[in-house]
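A.B. asks: quick one: sequence plus predicted model below, questions after.
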Amino acid sequence: MSLTVPLAAKDDAIEWALTHGMAFKETAYSARHAPFTLTPSLISKAHYQYLKRAVEPQGKLIHYVSEAHAFLVDAIQPITTSDPFFVALLKAHQQLHGSAHSSTNSSGTQAPRMPRLIIRSDFMNDRDLGPKLVEFNGIAAGMSPFGQRAHQLHRYLQQQ
């Protein structure tokens with residue numbers, strides 16, 4: 001069974017999200033709503049098992065990329081021309097690990113490494129394309145309020 005959501009309900013949900021702190025700042029004068037579904041959706045056990053199996057190679061990929069310092073600098077450098085946050089990230093990375101072509105940091109030593117990867121992956125299940133990764137975080141706590149907000153949004157929509 002397919003559920004078609006009226007455009008007014010979608011717009012109402014987005015407006016509620018933006019006015020109740022369920023948003024990300026884009027610029028000094030704009031924000032966009034956090035991703036959400038209008039209704040909770042079930043996924044099959046097979047999809048769930050697939051996602052569980054995907055976590056290990058995904059974690060390994062993230063780990064190997066995090067160790068490829070020259071690759072990270074090359075990937076982040078173009079973004080720094082328009083995003084101060086990435087300027088700060090790249091500066092911190094270079095202070096810890098040195099330049100893309102050096103293995104020593106600003107104090108002339110190699111940064112001590114104790115890799116510890118704990119990630120949380122967020123998937124949304126697309127009806128036609130299946131589960132899609134929408135976010136992954138290393139020990140993230142920043143999105144936790146959105147879980148409660150999504151519950152409040154669903155309650156609000158039920159009352160409408």
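C.D. replies: Perfect, thanks for sending it. Residues are numbered from 1 along each chain as shown.
A.B. asks: those strands in this structure, which residues are they?
C.D. replies: In the chain, the strands defined using DSSP state E lie at 23-27, 30-33, 119-126, 130-138.
A.B. asks: partner strands of the second one, parallel or antiparallel?
C.D. replies: When pairing is defined by DSSP bridges, strand 30-33 lines up against strand 23-27 (antiparallel).
A.B. asks: give the buried residues for the strand it pairs with.
C.D. replies: Using 16 or more other CB atoms under 10 Å as the test for burial, strand 23-27 gives Ala23. From N, CA and C alone the C-beta is placed, and that goes for glycine too.
A.B. asks: need the strands of the chain in CSV with distance to Leu61, can you?
C.D. replies: Shown next, in CSV, are the strands of the chain (distance: least, CB to CB, whole Å):
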stretch, distance to Leu61
strand 23-27, 25
strand 30-33, 27
strand 119-126, 11
strand 130-138, 10
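A.B. asks: quick one: which of those strands is nearest Gly59?
C.D. replies: strand 119-126 (5.9 Å; CB to CB).
A.B. asks: could you list the buried residues of that closest one?
C.D. replies: For strand 119-126, a neighbour-count test (16+ other CB under 10 Å) marks Phe123 as buried.
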